[in-house]
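1. Quick check, what structure comes out for this input:
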Amino acid sequence: YQKLRQRGKAHGTAVGAVARKLTHIIFAILRDNKPYEPRPTLE
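-> Purely as a prediction, here's the structure:
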């Protein structure tokens with residue numbers, strides 16, 4: 001969310017993008033029946 005806001009996205013747009021990303025992650029966890037393992041970040 002913070003990265004999107006820093007790039008100039010509106011609050012609603014950023015919230016929508018984060019919600020969409022979380023939905024994709026949750027669906028993949030349920031589909032594959034595997035625990036969530038976050039990817040390492042490149043900060």
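2. okay, now residue 8: neighbour count?
-> 8 (other CB atoms under 10 Å). Quick note: C-beta positions are derived from backbone N, CA and C, even for glycine.
3. cool, residue 5 as well?
-> Using other CB under 10 Å, residue 5 is surrounded by 13 other residues.
4. what about it, helix or strand, and which?
-> Per DSSP states H and E, residue 5 falls inside helix 2-6.
5. just the CA coordinates of whichever helix or strand comes after that helix, formatted as PDB?
-> Scanning forward in sequence from helix 2-6 by DSSP H and E, the next helix or strand is helix 11-32. This file holds the C-alpha atoms of helix 11-32, laid out as PDB (Å, rounded to 0.1, in the frame of the first residue of the first chain):
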ATOM      1  CA  HIS A  11      -6.100   5.700  -1.600                       C
ATOM      2  CA  GLY A  12      -8.900   3.700  -3.200                       C
ATOM      3  CA  THR A  13      -6.700   2.500  -6.100                       C
ATOM      4  CA  ALA A  14      -4.000   1.400  -3.700                       C
ATOM      5  CA  VAL A  15      -6.500  -0.400  -1.400                       C
ATOM      6  CA  GLY A  16      -8.000  -2.200  -4.400                       C
ATOM      7  CA  ALA A  17      -4.600  -3.300  -5.600                       C
ATOM      8  CA  VAL A  18      -3.600  -4.700  -2.200                       C
ATOM      9  CA  ALA A  19      -7.000  -6.500  -1.900                       C
ATOM     10  CA  ARG A  20      -6.600  -8.000  -5.300                       C
ATOM     11  CA  LYS A  21      -3.100  -9.200  -4.500                       C
ATOM     12  CA  LEU A  22      -4.200 -10.800  -1.200                       C
ATOM     13  CA  THR A  23      -7.100 -12.500  -2.900                       C
ATOM     14  CA  HIS A  24      -4.700 -14.100  -5.500                       C
ATOM     15  CA  ILE A  25      -2.500 -15.300  -2.700                       C
ATOM     16  CA  ILE A  26      -5.300 -16.700  -0.600                       C
ATOM     17  CA  PHE A  27      -6.800 -18.500  -3.700                       C
ATOM     18  CA  ALA A  28      -3.400 -20.100  -4.500                       C
ATOM     19  CA  ILE A  29      -3.100 -21.300  -0.900                       C
ATOM     20  CA  LEU A  30      -6.500 -22.900  -1.000                       C
ATOM     21  CA  ARG A  31      -6.000 -24.300  -4.500                       C
ATOM     22  CA  ASP A  32      -2.600 -25.900  -3.800                       C
END
